[in-house]
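> Quick one, fold the following:
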Amino acid sequence: MEFASGITLKVLEGLAPYAAQYAVEQVCLAWGAQHELNQLHETLSAIQLVLGDAEKKQMQNPLISHWLRNLKDVCNDADDVLDEFEFRELQLKVLMDNHKSCEAKVRQFFSRWNTVIFHFKMGRRIKNIRARLVEIDDEKTKFSLFQIAKLADNWGVPQRVNDQRETDSLPETTNVIGRAEDRNQIINYLLNECNENVSVISIVGFGGLGKTTLARMVFNDNEVEKYFQIRLWICVSENFDVRKLVRGIITEAGKECNSESLNVLKRQLQDILRGKKFLLVLDDVWDIDSTGITSQKWAELKALLAVGAKGSKLIVTTRDESVSSLVSSMHMHSLNSLSVEDSIALFAKCAFSEGEQQRYPDLMNIGKEIVNKCGGNPLALATLGSLLRLKRERYHWLQVNDDDIWNSSGKDSILAALKLSYSALPPQLKPCFAFCALYPKDYEFHSNEIVPLWMAQGFLTSARQNEGFEVMGLDYIRQIGCKSLFQIEANKETEIIFRIHDLVHDLAISIAQVECSTVNCRPKSAFEKVRHVSVLAEDLYGEAEQVPEVLLKLEKVRTVLSLDMDSFSEYTLRTCISRFKYMRALDVGGSTFEELPSSIGNLSHLRYLRLDGNLFIRQLSTSICKLLNLQFLSCLGCFSLEELPEGIGNLINLRILKITTKQMYFPKGVFRRLTLLETLAIGFCHSLKSLGEIEYLTNLHHLFVSSCEDLRSFPPNMKNLTALHTLKINHCWQLELMRSGEGITGLRSFTVRSSYLEALPNWLQDSADTLRSLEILGCRKLMALPEWVQKLTLLEQLYVMDCPKLPALPQGMHCLTALRKLMICDCPELRKRCERETGEDWSKIKHVPMIITTRDDQAPEPVRVLLVNS
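Presented below is the predicted three-dimensional model:
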């Protein structure tokens with residue numbers, strides 16, 4: 001499927017100012033370029049009118065899909081041209097700011113002979129793009145496309161999702177319908193003694209039936225939790241790699257993997273499991289040539305696990321009965337489709353609020369027809385139910401029931417349901433979803449990782465004035481999650497963690513396969529249309545002076561992502577810089593080059609640059625200061641980096657800056673011009689004595705300071721940071737917090753970890769009306785929580801960990817009526833006082849829905865799903 005609405009709208013919006021004679025003075029358009037831009041706008045506007053019909057009809061006509069693909073390609077080229085005009089204006093602004101005393105000379109430099117070559121090149125490129133667009137416009141007449149009238153409540157209208165401040169990765173067992181009998185059967189097999197030390201139970205069924213959901217229900221059952229001494233969960237997916245599995249199990253058990261030797265890792269694993277009755281879930285195991293499970297691989301892993309105590313069990317979930325046979329399952333549990341009654345119940349639960357279903361009998365009659373098309377598949381039912389949840393008009397339900405997708409997808413009901421849900425996304429959300437195809441299956445997405453990349457591609461747009469990119473990105477994730485295309489596991493105010501079901505991931509790949517060269521799917525043709533590429537370590541293996549084959553045939557790439565911490569050679573980096581001049585996002589984390597090439601300054605389109613974990617880089621080339629479009633710059637964990645360049649303040653578009661350097665002081669005035677900065681993370685700056693003039697960062701939302709051992713105080717005038725709502729301080733032993741920080745107000749989240757604090761700073765009271773999350777970790781001298789904690793009436797989450805001298809909770813805890821989650825770990829005295837029903841402080845906290853202590857067997861334990869295939 002091809003959807004061009006998003007990029008077409010983006011280009012039209014970019015063309016509008018130039019078509020309206022705006023900014024002509026700034027860029028001095030010449031030689032008919034202004035006329036070409038006007039014509040380009042008119043042609044694209046005409047095409048835009050029939051795009052809705054084209055995107056709908058492409059299911060039956062592959063030629064329309066090809067036409068849409070060509071349209072997207074031309075629009076991407078046009079977007080690059082417009083970006084160069086905007087960069088030209090940005091250059092003028094920065095030069096004038098830097099040389100205010102000679103402003104007239106700067107304007108003269110931009111308005112005469114120096115712009116001649118620029119105008120000539122741009123004029124030719126615009127003319128070429130318009131010629132291609134005219135061909136595409138002429139071609140549309142072959143397809144009998146019509147303008148579709150927009151309904152008042154159109155599918156494509158974005159609907160803001162209510163912020164649910166905090167949820168957890170605990171499975172919502174109350175929302176699972178029709179699986180109680182399956183759950184009980186598997187639990188009975190788990191709790192039955194058998195002669196083998198380790199026996200296997202397999203759950204088999206086709207995609208979307210809920211194998212993982214069922215396994216999680218069993219995994220979190222109270223009886224199962226009590227029966228097994230250790231419970232471990234590993235996502236396997238398509239790559240059954242014994243080394244990765246061993247490392248994954250060790251890490252899941254809470255231990256560190258400090259060796260690369262497989263033999264050492266195997267011994268460590270056996271030391272953890274020896275004599276223990278354990279439950280290990282291997283989720284989503286595949287039988288695929290070269291990468292999947294084999295008899296040899298299974299025998300190797302099974303032998304390692306045999307050291308467990310008698311009664312240990314493995315649960316293997318898979319789509320393939322051959323996998324169940326290969327692992328010699330004691331019991332193979334075949335998961336069937338839901339009954340008609342359960343299917344209707346699940347669909348209605350997703351489509352209506354509680355008790356609402358009876359008010360819409362006409363809709364439910366249509367809904368029953370939709371349910372029949374889903375064939376009892378829970379994922380299809382939940383997806384379509386979620387799609388219709390906010391729709392109460394009859395035509396919306398008929399639109400889903402009568403859509404041609406049901407015919408084009410044959411008997412594949414789940415594919416049809418997923419396509420319908422994707423098609424119904426607003427245009428601006430579709431590229432965000434498709435972008436996720438760059439990542440491996442079962443990948444754990446974090447919003448603070450994916451949102452900056454969406455931002456770099458220009459995917460984030462909002463009609464709400466002054467809305468930050470972070471808020472916008474979180475809202476996008478929640479909207480896609482509401483359509484059941486993202487599985488949200490943790491939903492905090494400032495961060496979301498989500499995964500994508502493997503069938504949904506397949507859909508993303510099918511949508512992105514032309515524009516994206518991914519670790520899952522490499523294109524075999526149309527290389528000129530590839531805009532985004534992701535690589536793994538194996539793609540980079542080979543000679544140092546050899547460019548990986550996956551990059552050789554590409555030219556118009558906008559994104560290069562290195563998805564694991566491995567060596568991205570300097571030669572490959574230089575090649576990428578020279579070949580991909582339209583690059584907007586470059587992730588080379590974990591590389592080993594010692595200096596960033598000066599040619600990096602030629603990437604005028606670059607918005608995102610991640611260098612994290614490079615232990616060898618010493619200097620950032622001063623040419624980095626030419627990257628005026630840069631929005632995200634991160635060099636965390638670059639322990640050899642000596643200093644930031646003097647001209648880093650030129651990067652006036654920076655929204656996110658993450659720093660590790662050896663310097664004692666940042667360049668003077670570096671923060672004065674970074675007024676758009678929303679996130680500042682300063683970590684492992686062991687010699688840093690001052691944060692500098694951060695009081696000028698009046699748009700700063702998040703401040704993270706970690707492992708800055710010489711830092712003793714915050715700068716004065718912290719009160720100027722009026723937009724700050726997240727403050728995290730970690731391992732800053734010398735930082736005096738009782739007075740330093742005065743003036744900070746309006747915090748929503750405050751975290752202090754590994755500090756000599758004996759009491760919480762009083763200035764935290766100034767955020768009493770806003771604070772929602774408070775985390776106190778590793779404050780081993782903390783003697784008490786102040787009584788004013790009861791004033792934090794909006795507090796939803798309180799974590800207290802490794803504070804052994806903390807004897808009790810303050811008296812006013814019962815006043816915290818918004819508190820939903822309380823975690824107390826490694827606080828011996830406090831834990832005793834908070835024992836359920838019997839502890840002296842229990843009456844203060846019994847109103848809290850979720851209370852987790854280190855030894856509270858009644859408290860739910862979060863399922864920690866570890867990815868081993870990335």
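
> First residue to last residue on stretch 550-569, what's the distance there?
15 Å (Cα to Cα, to the nearest Å).

> Stretch 756-770 now?
26 Å.

> Going by neighbour count, which residues of it are buried?
Buried residues in stretch 756-770, counting neighbours by 16 or more other Cβ atoms under 10 Å, are found at 757, 760-761, 763-768. Where C-beta positions appear, they are placed from N, C-alpha and C, glycine not excepted.

> Dump those into a markdown table; add distance to residue 514, pLDDT and secondary structure as well.
Conversion of these to a markdown table gives the following (distance: Cβ to Cβ, whole Å; pLDDT from 0 to 100; DSSP: H, G, I helix; E, B strand; the rest coil):
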| residue | distance to residue 514 | pLDDT | secondary structure |
| --- | --- | --- | --- |
| 757 | 55 | 91 | coil |
| 760 | 55 | 94 | coil |
| 761 | 54 | 94 | coil |
| 763 | 54 | 94 | helix |
| 764 | 52 | 95 | helix |
| 765 | 56 | 94 | helix |
| 766 | 53 | 94 | helix |
| 767 | 49 | 95 | helix |
| 768 | 53 | 94 | coil |
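
> Let me know the closest of the residues you listed to residue 83.
When those are compared for distance to residue 83 (Cβ to Cβ), residue 767 wins out at 39.8 Å.

> out of everything not next to it in sequence, what's closest to that closest one?
Nearest residue to residue 767, sequence neighbours excluded (Cβ to Cβ, 6 or more residues apart in numbering): residue 747, at 3.9 Å.

> Starting from the helix or strand harbouring residue 314, tell me the next helix or strand along the chain.
Secondary-structure assignment from DSSP states H and E places residue 314 in strand 312-318. Going down the chain from strand 312-318, the next helix or strand is helix 321-326, by DSSP H and E.

> Can you point out the buried residues in that following helix?
323-324, 326.

> ok, residue 649 touching residue 666?
No: Residue 649 is not in contact with residue 666 according to Cβ atoms under 8 Å; the separation is 10.0 Å.

> What is the burial count for residue 570?
Using other Cβ atoms under 10 Å, residue 570 has 18 other residues around it.

> List the residues that contact it.
Residues near residue 570 by Cβ atoms under 8 Å, 6 or more residues apart in numbering: 591, 593-595, 597.

> at 10 Å what do you get?
544-545, 588, 591-597 (Cβ atoms under 10 Å, 6 or more residues apart in numbering).

> what's the answer for residue 352, then?
358-360, 363-364, 367, 385, 388-389, 392.

> Residue 286 too?
Contacts of residue 286 (Cβ under 10 Å, 6+ apart): 236-240, 292-293, 318-320, 323, 441, 502.

> mind giving me CSV with those residues and columns for distance to residue 301?
Formatted as CSV, those follow (distance: Cβ to Cβ, whole Å):
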residue, distance to residue 301
236, 10
237, 15
238, 16
239, 13
240, 9
292, 13
293, 9
318, 15
319, 20
320, 17
323, 13
441, 20
502, 21
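
> ok, so of these, who is nearest residue 403?
residue 502 (23.9 Å).

> Might one say that residue 434 is in contact with residue 512?
Yes: Residue 434 lies in contact with residue 512 (Cβ atoms under 10 Å); the separation is 4.2 Å.

> what residues are shared contacts of these two?
With Cβ under 10 Å, 6+ apart, residue 434 and residue 512 have common neighbours residue 532.

> Quick check: which helices or strands does the strand holding residue 314 pack against?
Here strand 312-318 touches helix 180-191, strand 198-204, helix 211-219, strand 230-237, strand 278-285, helix 295-305, helix 321-326, strand 331-334, going by 3 or more Cβ pairs under 10 Å, 6 or more residues apart in numbering; DSSP states H and E.

> So which elements touch the shortest one?
In this structure, strand 331-334 makes packing contacts with helix 180-191, strand 198-204, strand 312-318, helix 321-326, judged by 3+ Cβ pairs under 10 Å, 6+ apart.

> chain center to the last one: distance?
Distance of helix 321-326 from its chain centroid, counting by Cα atoms, centre = their mean, to the nearest Å, is 34 Å.

> Same check on the third one?
Averaged C-alpha coordinates place strand 312-318 at 29 Å from its chain's average position (Cα atoms, centre = their mean).
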